[in-house]
Every structure is written in C-alpha cells, then in structure tokens.
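Asks: need coordinates for the below:
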Amino acid sequence: MKIIIARHGEAETTSLDGTDRSRPLTAKGEADVRKMGNFFKTGFKITKIYHSPYERTKNTAKIYTDILQPEQETESLNYLEAGQDMSRVCPMIREYSNSDTILLVGHSPDVSIFAEKLLGISGVGKSFLFLQVPHLQSMFQEKNSTTVKSFGLFVRTFFVNFFCFRNHNRVVKKFHSCRLTKMFQSTIL
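Replies: Residues are numbered from 1 along each chain as shown. You can find the predicted model right below:
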C-alpha cells in the first residue's frame, strides 16, 4: 500500500467566525494543492482520501478529490484533527490491499510526526537532516512504499538530502542552493 501524507494548503490567518477550525485556504494554498493534485495524478491512482474536519483540510481534500477522483468517497476523520495522534488511523488503513493508495490530509506538525513514525525515524522535521538514506532508497525501490508529502521544512529537507545524496552525495549548505530541489519546487509548486 502507498500512503501519501499531505498537510493542508496554505490557509488564511483568520476566519469569519474567529475560530481556527474555520480558516479557509488562501488563493495560493488552493493553487498549490491543485499543482500537487496534478502531480499525484501522474503517478498514483488514489483509492481513498481521508481528511481532518477542519475547513482548510476539507478544502484541500475537495481539490484533491476533484482532480484525483478516488475510487471511494472522501471521508472526514476526527483522528486527523490538529493535535491528534494520527497513528490512530493505522488500524483503519491496514484494511486496504497492497495495491491501494491512501491520501491523508492533516495538519503540521502532526503529519511530520506521523510520517516519522511510519518511517521509523525521529526528530520532527529535523530527522531528514541526518537522513538514513539506505533505508529510504530501499523503501523507494520496493513495490510497497510510503510516499510522504508536506508543505514545509519536513519535505524540503527530505528532498534536499535525498536528491543530493543520489547526486554523488554533495553537501548542501542551504535549501535554496540545491539545483535539483529548485527544479522539483518549480515543477510541482
């Protein structure tokens, strides 16, 4: 099974009713999610999308649903609310077969923490600074793999380290100095 873990798109800092739960996506957030949806569409057939009940994750999941047309109906899960332990979703996703691809839309830092649990590493966001490359390379070569996607430091650091390792182990002093990561950024975001 493939599990894609996504943070919601960029959200407004406030909502009409003043609650965090009701913050919608910004125009940039919507555009970024569309770009990611189109990218995912080129390589994945999504079985199911689960999202947090917050407005920004609902909006993100709706955009993904429109683009990816999952096989099953998109569903809101309280387990994916901000501050919840996303690993509570594991028993539910174990029911899917190896050929299925599940997309989970949640919040930071929860998506990073959950991805780290699945990958068996620690250090929210910082874990990829000292990337366990052999583990990840074997994971990407296996038939059943976990794909991690997030807007933020977690995945930027991952791609800097993963792609630059694969490019003769060059040392990267800053994220923006990595040509491959810039190429990835401009292609997807």
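Asks: all strands for this structure, in order.
Replies: In the chain, the segments counted as strands under DSSP state E are 2-7, 48-51, 75-76, 101-106, 147-148.
Asks: could I get those as JSON lines with distance to residue 31?
Replies: For glycine as for every other residue, the C-beta is placed from the backbone atoms N, C-alpha and C. Listed next are the strands of the chain as JSON lines, based on distance: least, CB to CB, whole Å:
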{"stretch": "strand 2-7", "distance to residue 31": "15"}
{"stretch": "strand 48-51", "distance to residue 31": "19"}
{"stretch": "strand 75-76", "distance to residue 31": "23"}
{"stretch": "strand 101-106", "distance to residue 31": "16"}
{"stretch": "strand 147-148", "distance to residue 31": "21"}
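Asks: residue ranges with poor pLDDT in this structure?
Replies: For the chain, applying pLDDT under 70 flags the ranges 121-189.
Asks: helices of that one, residue ranges please.
Replies: Secondary structure of the chain, counting by DSSP state H: helices at 27-41, 55-68, 90-93, 110-119, 133-141, 153-166, 179-188.
Asks: thinking again about what came up before, nearest to residue 116, out of the strands of the chain?
Replies: For the strands of the chain, proximity to residue 116 was assessed by CB to CB; strand 147-148 is nearest, at 9.3 Å.
Asks: isn't residue 111 right next to residue 8, touching?
Replies: No - taking CB atoms under 8 Å as the definition, residue 111 is not a contact partner of residue 8, at 9.1 Å.
Asks: residues making contact with stretch 50-62?
Replies: 6, 8-9, 11, 15, 20-25, 29-30, 33, 49, 74-78, 80-82, 89, 102-107 (CB atoms under 8 Å, 6 or more residues apart in numbering).
Asks: list the buried residues in it.
Replies: Within stretch 50-62, the residues that count as buried by 16 or more other CB atoms under 10 Å are 50-52, 54-62.
Asks: same question for stretch 11-23.
Replies: For stretch 11-23, using 16+ other CB under 10 Å, the buried residues are 11, 23.
Asks: now tell me what touches it from outside.
Replies: So stretch 11-23 is contacted by 24-26, 29, 53-56, 82 (CB under 8 Å, 6+ apart).
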